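S.K.: 3D model of this:
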Amino acid sequence: MADDKKTILQIKKKIKTFIKERDWEKFHSPKNLSMSLAIEASELMEIFQWLTTEEANVDQLTKNQKKRIEEEIADIGIYLFDLCNVLNIDVSCAIENKLKLNRCKYPVKLAKGKAEKYTAYKETRIAKRDARKNK
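M.R.: Numbering: from 1, shown residues only. Here you go, the predicted structure:
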C-alpha cells in the first residue's frame, strides 16, 4: 500500500471497520481519542528525546528506530482518523482550510526562512502600516 494508491476515505473506513468488529466504539469518545493522540505523539517524541539534531536525521536513524517511528506515526494516524470519523470531520477539508488560514498568518514575504510565531509577523505588518501613516 502506498500513499498514492489509497485515499483518506479508504483508510478511515478500514479504521472504522476495525473498531466496529471489536465493539470498541463505546471507548472511542472524542475525549479518549484526543488523549490517545497526545499519548502516541509523546511516544514518538520519546524516540527522538536524547538524540542530537544530527542523530535524528533520516540517514542517521537505525532500522529499529525507523520501524518504531513508523509504528508511532501509524498509531497517531489511526487515532486522528478515528477522531475525524467520530466527529464527522472531513480531514482533507480541515487541512485545506487550515493551510488557507496559515497562508494569511504566515505570508511568504514575512515568514520565509523564519521560525517565529504568526504574531511576530502581525506586529511587523502593523509597524509597517503605522510607519506609512506617519510619513
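S.K.: check which residues of stretch 24-35 are buried.
M.R.: Residues of stretch 24-35 classed as buried: His28, Leu33 (neighbour count, 16 or more other CB atoms under 10 Å). (Each C-beta comes from the backbone N, C-alpha and C, glycine too.)
S.K.: tell me the mean pLDDT for stretch 78-85?
M.R.: In this model, stretch 78-85 has a mean pLDDT of 98.
S.K.: quick thing: my sequence starts at 17, can you match it?
M.R.: Okay, residue one is now 17; in that scheme the one you just asked about reads as stretch 94-101.
S.K.: how many neighbours does Asp98 have?
M.R.: Neighbouring residues of Asp98 were enumerated by other CB atoms under 10 Å; the total is 23.
S.K.: just checking, what packs against the longest helix anywhere in the chain?
M.R.: Longest helix of the chain, by residue count under DSSP state H: helix 79-103. If contacts are counted by 3 or more CB pairs under 8 Å, 6 or more residues apart in numbering; DSSP states H and E, helix 79-103 sits against helix 24-37, helix 46-64, helix 107-121.
S.K.: ok, now how distant is Lys130 from Lys121?
M.R.: 13 Å (CB to CB, to the nearest Å).
S.K.: looking at these two, which is more packed in?
M.R.: Applying other CB under 10 Å to Lys130 and Lys121 shows that Lys121 carries more neighbours, namely 15 against 9.
S.K.: who's in contact with the nearest residue in space to that one that is not next to it in sequence?
M.R.: Spatial nearest neighbour of Lys121, excluding adjacent residues (CB to CB, 6 or more residues apart in numbering): Tyr134 at 3.8 Å. By CB atoms under 8 Å, 6 or more residues apart in numbering, the contact list for Tyr134 reads Asn118, Lys121, Tyr122, Ala127.
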